[in-house]
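>>> Task: produce atomic coordinates for the following.
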Amino acid sequence: MASLARALAAVSLAVSIGSADAYTTSNCKNLPGDAGWPSPSAWSKLNATLKGQLIATVPQAHVCHTLPSNSFNANACDELQSTWTQAETYVPKPAEILNAYFQNQSCDPFTPISRSCELGNYASYSINVTTAQHVAAGFDFARQNNVRLVVKTTGHDFMGKSTGKGALSLWMANLKEKTIIPSYSNPNSTYKGPAIKLGSGVIAGEADEFVGANGYRVVTGECASTGPVGGYTQGGGHSLLGGAYGMAADNVLEWEVVTPQGDHVIATPSSYSDLYWAISGGGGGTYGVVLSMTTKIYPDGKVATGSLSFTLAESGSAGNDEIAFWQGVNLWFQSVPGFLGLKQGTVGSENATMLSQITNSSFALLGITFPDQTVTQLQNTLAPYLNGLKALNINYTFSTTQQPSYVQSFNQTRGLGPLPWGVIPTTEVWASRLVPVSFVENATAVASLVDVYRSAVQDNAFSVGCNVLGGFNAPAHPDNSVFPGWRDLAVICNVLHQWDFTAPLDTNLSFKRRLVSEVQPAVEAVTPGTGVYLNEMDPWYEGDFKTEMYGVNYDKLLSIKHKYDPDSLLWGLFAVGGDESTLDANGRLCRV
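Numbers count the residues shown, from 1 in each chain. Sure, this is the predicted structure:
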């Protein structure tokens with residue numbers, strides 16, 4: 001492996017040297033081949049400081065290529081191809097990139113064997129972080145050597161924050177603490193209930209299973225391989241439990257943080273309160289590096305679950321009735337306030353969450369989740385909608401089950417379980433929109449949005465997921481920087497496209513281009529003044545990220561960013577302060 005790492009470095013060096021003449025400003029981070037790039041002895045000294053925790057990057061797909069080190073292995077390559085869209089292929093490994101766009105085919109198991117495996121956008125080195133001192137050493141090295149620094153918790157990252165060409169990566173995967181606190185105690189906190197301390201390397205599925213085995217549930221993502229301590233909660237964090245307990249960030253009691261200046265602190269609502277506020281919703285990898293999070297947990301119990309689906313072939317009196325099908329979709333949007341009990345005369349549940357999937361010929365609710373409620377309550381909540389489908393002559397399939405615990409309900413949800421990894425593919429192209437309750441209460445507005453989504457899915461290039469995930473119904477919690485649009489949310493909608501690794505790169509990029517230049521602007525045109533989710537957006541997004549992702553919180557967040565990271569060691573596309581630097585044509589990060 002050491003020889004392969006050297007070979008890869010040589011390839012990267014050769015690529016960089018070709019553009020080194022363009023590197024003339026001290027405002028840019030060093031890349032391999034630049035005069036300021038750290039010498040081998042500097043990296044060796046860092047490794048000694050870390051007591052051997054420095055890892056030179058070797059992309060796992062090197063087994064699919066003969067160059068640069070003749071490491072092709074047919075059996076290993078076949079296995080890698082078969083698991084390339086699964087989170088467990090990437091999350092437990094240093095520097096590996098989940099986002100297909102940022103992989104950029106630099107070392108891809110589907111490209112020709114003879115094509116050289118190169119580092120491309122992969123970080124050059126990773127620190128296997130197990131202590132606060134490791135993080136502080138990484139910050140110091142990046143500052144002293146003018147090297148880009150990134151943080152990889154799980155790598156679930158649509159914006160590419162967790163990777164970067166020529167970067168030193170802080171790899172958090174081995175911080176696996178899971179400690180239940182039966183009665184949280186802090187003299188400055190009114191909360192005295194149960195909590196859990198989670199290390200940054202714990203994935204959602206692991207957290208769910210651990211607390212479930214101890215009789216609790218915790219707010220984590222629908223995608224089981226996300227990192228609750230990482231960008232998921234730091235960006236807000238929606239959940240199937242959001243209707244009952246609010247956003248993940250609403251539940252945080254403490255953040256254990258290493259600041260870019262090397263301070264190891266505990267941020268709470270009463271100590272380092274500005275840092276607590278910023279990290280609780282203002283985006284990951286921006287204000288400091290989080291080692292652990294202490295968050296509320298809740299007694300587990302029964303969960304009513306269900307699923308519903310209908311197709312174009314089952315719609316209308318004669319079937320294949322496109323008008324009736326889309327009327328059924330329209331009716332679902334208009335029924336959301338009733339589902340949540342916000343409409344007079346309804347028996348809805350403010351705890352209700354549900355996941356929808358819309359294609360050009362099918363509609364499905366895949367994750368109807370009613371925590372601490374019965375199947376009868378679920379059925380009564382959906383009854384008005386089901387009656388509406390009958391009136392439209394739409395034949396549907398509807399089923400319900402009563403599960404004894406949240407973990408069991410999650411595992412039985414098609415398209416999500418089983419834990420700990422789940423089955424959601426990691427290679428989708430996404431663009432989100434937050435849709436408020438006031439919008440879905442307006443029939444004209446709903447019709448305009450459904451028309452846009454109908455057009456988007458017409459040729460089957462995209463699907464749409466519009467999910468009722470709560471957020472507005474958070475129990476009392478300290479003030480935080482969660483985007484205000486979550487507080488009156490009806491649904492969060494995402495337009496999705498599945499990356500095709502067997503297709504030419506340009507084909508995949510054409511779908512991204514269509515998504516950001518045609519579909520997303522059309523969605524935003526009919527939903528003015530709402531917003532997007534900062535964790536779920538395409539990196540080519542053309543909107544005003546400050547307004548759409550952070551809103552009124554942005555200026556305060558930027559002030560906190562400058563306070564704790566005056567040297568701008570932490571950078572991310574669309575992160576707070578993200579417009580203060582940019583990537584040049586060679587992938588070099590430069591101040592603007």
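>>> Please report how far the closest residue to Ala136 other than its chain neighbours lies from Gln133.
Leaving aside its sequence neighbours, Ala136 sits nearest to Gly262 (C-beta to C-beta, 6 or more residues apart in numbering; 4.0 Å). C-beta: built from backbone N, CA, C; applies to glycine. In this view, Gly262 and Gln133 are 9 Å apart by C-beta to C-beta, to the nearest Å.
>>> likewise Thr226?
27 Å.
>>> more crowded one of these two?
Remark: of Thr226 and Gln133, Thr226 carries more neighbours, 27 against 15, as counted by other C-beta atoms under 10 Å.
>>> Confirm the more buried one sits in a strand?
No - applying DSSP: H, G, I helix; E, B strand; the rest coil, one finds Thr226 to be coil, outside a strand.
>>> how far away is it from Tyr245?
Taken as C-beta to C-beta, the span from Thr226 to Tyr245 is 17 Å.
>>> Can you name every helix or strand that the one helix or strand Gly465 maps to contacts?
For Gly465, the host element (DSSP states H and E) is strand 463-467. Packing partners of strand 463-467 (3 or more C-beta pairs under 8 Å, 6 or more residues apart in numbering; DSSP states H and E): strand 356-358, helix 443-457, strand 489-498.
>>> what sits against Ser315?
Asp321, Glu322, Ala324, Phe325, Gly328, Leu392, Asn393, Ile394, Asn395 (C-beta atoms under 8 Å, 6 or more residues apart in numbering).
>>> mind running it again at 7 Å?
Asp321, Ala324, Phe325, Gly328, Ile394 (C-beta atoms under 7 Å, 6 or more residues apart in numbering).
>>> quick one: which of these is nearest to Leu416?
Gly328 (23.3 Å; C-beta to C-beta).
>>> Test my guess that the closest one contacts Asn393.
No - contact criterion C-beta atoms under 7 Å: Gly328 and Asn393 do not qualify, at 9.8 Å.
>>> Report pLDDT for the residue nearest to Pro478 when sequence neighbours are not counted.
Distances taken as C-beta to C-beta, 6+ apart place Pro269 nearest to Pro478, at 3.9 Å, with adjacent residues excluded. Listed pLDDT for Pro269 reads 97.
>>> Give me the domain ranges for this structure.
Following automatic domain parsing, the chain resolves into domains at 2-174+582-591, 178-300, 303-546.
>>> Tell me which of these sits most buried.
domain 178-300 (a mean of 23; mean count of other C-beta atoms under 10 Å).
>>> gap between the two ends of it?
17 Å (C-alpha to C-alpha, to the nearest Å).
>>> dump the residue contacts of the nearest residue to Glu542 once chain neighbours are set aside.
Of all residues not flanking Glu542 in the chain, Val516 sits nearest, at 5.6 Å (C-beta to C-beta, 6+ apart). Listed by C-beta under 7 Å, 6+ apart, the contact set of Val516 reads Ala431, Asp538, Trp540, Tyr541, Glu542.
>>> Looking at these, which is nearest Phe574?
Within those, the smallest distance to Phe574 is 7.0 Å, found for Tyr541 (C-beta to C-beta).
>>> Do a quick rundown of the helices in the stretch 401-550 of the chain.
Secondary structure of the stretch 401-550 of the chain, counting by DSSP state H, counting those that start in this stretch: helices at 406-411, 437-440, 443-457, 505-514, 520-526, 545.
>>> closest one to Glu96 among those helices?
helix 505-514 (18.9 Å).
>>> then the closest one to PDB, C-alphas only?
Extracted in PDB, the C-alpha atoms of helix 505-514 (Å, rounded to 0.1, in the frame of the first residue of the first chain):
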ATOM      1  CA  LEU A 505     -20.000  11.200 -17.100                       C
ATOM      2  CA  ASP A 506     -21.600  13.800 -19.400                       C
ATOM      3  CA  THR A 507     -24.900  12.000 -19.400                       C
ATOM      4  CA  ASN A 508     -25.000  12.200 -15.600                       C
ATOM      5  CA  LEU A 509     -23.900  15.800 -15.600                       C
ATOM      6  CA  SER A 510     -26.700  16.700 -18.100                       C
ATOM      7  CA  PHE A 511     -29.300  15.600 -15.500                       C
ATOM      8  CA  LYS A 512     -27.600  17.700 -12.800                       C
ATOM      9  CA  ARG A 513     -27.700  20.700 -15.200                       C
ATOM     10  CA  ARG A 514     -31.300  20.200 -16.000                       C
END
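>>> Counting by contacts, list what it packs against.
Judged by 3 or more C-beta pairs under 7 Å, 6 or more residues apart in numbering; DSSP states H and E, helix 505-514 is in contact with no other helix or strand.
>>> What angle do helix 443-457 and it make with each other?
The directions of helix 505-514 and helix 443-457 differ by 170 degrees, with axes from the mean of the first three to the mean of the last three C-alpha atoms, to 10 degrees as the criterion.
>>> coming back round to it: pipe the domains of the chain into JSON lines and attach distance to Gly572 per row.
Converted to JSON lines, the domains of the chain look like this (distance: least, C-beta to C-beta, whole Å):
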{"stretch": "domain 2-174+582-591", "distance to Gly572": "4"}
{"stretch": "domain 178-300", "distance to Gly572": "5"}
{"stretch": "domain 303-546", "distance to Gly572": "10"}
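>>> mean pLDDT for the ones you listed: which is lowest?
Among those, domain 2-174+582-591 scores lowest, with a mean of 89.
>>> Work out the gap between that one and the centre of the chain.
Distance of domain 2-174+582-591 from its chain centroid, counting by C-alpha atoms, centre = their mean, to the nearest Å, is 21 Å.
>>> residue ranges for the strands of the stretch 51-200 of the chain, please.
54-56, 125-128, 149-152, 168-171, 178-181, 195-199 (DSSP state E, counting those that start in this stretch).
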